[in-house]
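Trainee: based on what follows, work out the 3D shape:
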Amino acid sequence: MRWLLLFLILPADALQLRVYQANRHDRFLDFPESPAPNPDFLFASLPLNGVGWMESDPRRQFTLISPLHFVGASHFKPATGQLIRFLAPDGSLIERTVASTQTVPNPTGEGSDLFLGTLTQWVAASSGIEPFPYLNLNEESDYLNEELIILGKNARAGIGRLSAFEDIEGTGLNLSRAFSFDYLILEPEGNEDDCFAEVGDSGSPTFILHEGSPALIGTHSAIDEQTTASGDDLGTTTYDTFLPHYHDGLNTLMEADGYHLIKAIPASTALTISPTVPSPLRAGLTNAITLQISNTGGEDAENLLLATTQGELSGAAGTDWLNNPDATLRLAHLAASSSLEVVQSVTFDDPGTYEIELSLSSNNAPAFDWILQLELIESFTSWTADLTDRTPVGDDDGDGLGNLLEYALGGNPSVNSLFHETNNYPLGLAMSIDDDGLHLSHLIRNDATERGLTYSLETSLQLDADTWTTPVDGTTAAEVLDEFFSWQTTTLPIGSDPARYYRLRISLSE
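Mentor: Residues are numbered from 1 along each chain as shown. Predicted coordinates for the structure are as follows:
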């Protein structure tokens, strides 16, 4: 058998049809100069926007299998830096640059006639250009006699019928598992849309309709010209590299970029989200929420996508989550009955109650939507947001009390005052003496722990920086003033020291 590769430069001009009609078999009008959808195209109703062509050589077509990846024939690869064009449903041209190409290995390790290409920039779903699933039937025999949708160079299309499977190999052609379809010149019941590939068609795709949508099964590799014993032309057999045979190799190459092949017939599974929310959550600060993403079903989940209405998502250390340009997070696969973590970083300027919506989906699991309700408390950062000097020692109002003191004691940083606006208690340390001892009192926030505030009473005999210590022989009691503040008093015995000094130290950890 003599296989003829389809990349040689010969005078033929496109995929060969039994009865070629431009208005029926050409996918575009004015291709390639000003391509526009052909409304009378044989497959005009099908979403074929994921089939693109090389800008510098429009004969050559390539097929998206993920937002970042495309496939074609190894013996007809594009060079790195080449431009691939796609026509979006709205008529706009989308251009992407080839970042790299890799030959997909056979299961035995050697290269095949199928390559995986990677783009420098993904093709967003919002463009209307969708990657194709592949048709994953159980056995090769299940594909036999299925009608094929066949695309060729210069954006021409026809039909065929899958007739056989075999391994093909030859000069310039890597060993490949292939299927074939036949075009017989004298076939009495031939269809006007019957076609065969020719030189220049290498890498163009073949599809089978599944539930009304095109599912990819191969890319053109070679032809065999059939003749009679006397040399008369009988027709042509076209061979396509059988893409489903290479699904494991493709998935291995794509996984580092966060993708797997899309299955036209996925095995269903189920996904859940379990959040772990730290307490407290503070306004004005970045808060990290841990999301446990679980596959609770019995099948691997593939091409997971996690989206949120607020904040930034990032995979936990050691996981394979990757960020998309639209701030969603993707993962190639999650094994059955397993979990991975995601960190969601959220920041809200003001305290209050907020809702965050999360959506988790995959090719083979129903979308799982979760509404996360968060309660954020005031923080020092949010409390000082409108001040000129937001540092702990800043004093915009000039009352001698730094911002941290006013925050901890309930002062107003914009009002020059040494007393609380509501309860009129002093914003500092108050001292009194009676028969019970020395009483040192100050305001304290009721939610000091949640705010990360610590109030420490210290004493010294000399006022030197390294001589301050915490009294150990006193008792402390607090009187609740309202829902926000208490008046805390520490009672100490009166000592015999000629002089002793006391101070209130306030620390913040948030």
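Trainee: how about the contacts made by residue 455?
Mentor: Listed by C-beta atoms under 8 Å, 6 or more residues apart in numbering, the contact partners of residue 455 are 408, 442, 444, 448, 488, 504, 505, 506. Just so you know, the C-beta spots here come from the backbone N, C-alpha and C atoms, and that holds for glycine as well.
Trainee: who's the most centrally placed residue in the chain bridged to?
Mentor: The residue lying closest to the centre of the chain (C-alpha atoms, centre = their mean) is residue 329, at 2.7 Å. For residue 329, the beta-bridge partners are residue 306, residue 323 (DSSP bridges).
Trainee: now do the same contact list for it.
Mentor: Contacts of residue 329 (C-beta under 8 Å, 6+ apart): 305, 306, 307, 313, 314, 315, 321, 322, 323, 342.
Trainee: redo those residues as a markdown table? Include distance to residue 136, pLDDT and neighbour count.
Mentor: A markdown table is the format used below for the contacts of residue 329 (distance: C-beta to C-beta, whole Å; pLDDT from 0 to 100; neighbours: other C-beta atoms under 10 Å):
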| residue | distance to residue 136 | pLDDT | neighbour count |
| --- | --- | --- | --- |
| 305 | 20 | 95 | 17 |
| 306 | 25 | 94 | 24 |
| 307 | 26 | 92 | 17 |
| 313 | 30 | 87 | 21 |
| 314 | 32 | 84 | 16 |
| 315 | 28 | 82 | 20 |
| 321 | 25 | 92 | 21 |
| 322 | 24 | 91 | 16 |
| 323 | 28 | 89 | 14 |
| 342 | 28 | 93 | 23 |
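Trainee: looking at those, spot the one nearest residue 277.
Mentor: residue 342 (13.4 Å; C-beta to C-beta).
Trainee: what about residue 34, neighbour count?
Mentor: Residues within reach of residue 34, counting by other C-beta atoms under 10 Å, total 9.
Trainee: let me fix that: residue 98
Mentor: Count around residue 98 with other C-beta under 10 Å applied: 20.
Trainee: just the pLDDT for it.
Mentor: We have a pLDDT of 98 for residue 98.
Trainee: residues touching residue 311, list them.
Mentor: Neighbours of residue 311 in contact, by C-beta under 8 Å, 6+ apart: 289, 344, 345, 346, 347, 356.
Trainee: just the ones of the residues you listed in strands?
Mentor: In strands, defined here by DSSP state E, the members of the contacts of residue 311 are 289, 344, 345, 346, 356.
Trainee: how much space separates the last one from residue 322?
Mentor: Counting by C-beta to C-beta, to the nearest Å, the gap from residue 356 to residue 322 is 21 Å.
Trainee: please apply the same query to residue 263.
Mentor: To residue 322, residue 263 is 20 Å away according to C-beta to C-beta.
Trainee: repeat for residue 303
Mentor: Distance, residue 303 to residue 322, by C-beta to C-beta: 12 Å.
Trainee: what of residue 34?
Mentor: 36 Å.
Trainee: next one: residue 267
Mentor: Applying C-beta to C-beta, the value for residue 267 to residue 322 is 24 Å.
Trainee: same thing with residue 20?
Mentor: Separation of residue 20 from residue 322 (C-beta to C-beta): 45 Å.
Trainee: ok, now residue 158?
Mentor: 39 Å.
Trainee: then residue 370?
Mentor: Taking C-beta to C-beta, one finds residue 370 at 21 Å from residue 322.
Trainee: ok, residue 91 next?
Mentor: For residue 91, the distance to residue 322 - C-beta to C-beta - is 31 Å.
Trainee: check residue 484 too.
Mentor: Applying C-beta to C-beta to residue 484 and residue 322 gives a distance of 45 Å.
Trainee: likewise for residue 114?
Mentor: 24 Å.
Trainee: just residue 328 next, same as before
Mentor: From residue 328 to residue 322 the distance is 10 Å (C-beta to C-beta).
Trainee: where does this structure dip in pLDDT?
Mentor: Counting by pLDDT under 70, the chain contains low-confidence ranges at 1-14, 186-189.
Trainee: please identify the helix or strand for residue 250.
Mentor: Residue 250 belongs to helix 247-255 when elements are defined using DSSP states H and E.
Trainee: neighbouring contacts of that helix?
Mentor: 65-66, 69, 71, 102, 104-107, 112, 114, 116, 134, 136, 243, 260-261, 320, 332-333.
Trainee: would you write a PyMOL line that selects the buried entries of those?
Mentor: Selection of buried members from these for PyMOL, criterion 16 or more other C-beta atoms under 10 Å:
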select buried, resi 65+66+69+71+102+104+105+106+112+114+116+134+136+243+260+261+332+333
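Trainee: please flag which of the contacts of helix 247-255 sit within strands.
Mentor: 69, 71, 102, 104, 105, 112, 114, 116, 332, 333.
Trainee: pick out the most distant pair among these.
Mentor: 112 and 333 (22.4 Å).
Trainee: in this structure residue 43 contacts residue 149, no?
Mentor: Yes. Between residue 43 and residue 149 there is a contact at 6.1 Å, judged by C-beta atoms under 8 Å.
Trainee: look up how far residue 303 lies from the residue nearest to the centre of the chain.
Mentor: 12 Å.
Trainee: now residue 160. Nearest residue, chain neighbours left out?
Mentor: Spatial nearest neighbour of residue 160, excluding adjacent residues (C-beta to C-beta, 6 or more residues apart in numbering): residue 181 at 3.5 Å.
Trainee: beta partners of that neighbour?
Mentor: residue 162, residue 238.
Trainee: list the contacts for it?
Mentor: 148, 150, 160, 161, 162, 163, 196, 206, 237, 238, 240.
Trainee: per-domain residue ranges of the protein.
Mentor: Taking automatic domain parsing as the criterion, the chain consists of the domains 4-246, 271-377, 388-508.
Trainee: out of those, which one sits most buried?
Mentor: domain 4-246 (a mean of 19; mean count of other C-beta atoms under 10 Å).
Trainee: so how far is it off the chain centroid?
Mentor: Distance of domain 4-246 from its chain centroid, counting by C-alpha atoms, centre = their mean, to the nearest Å, is 29 Å.
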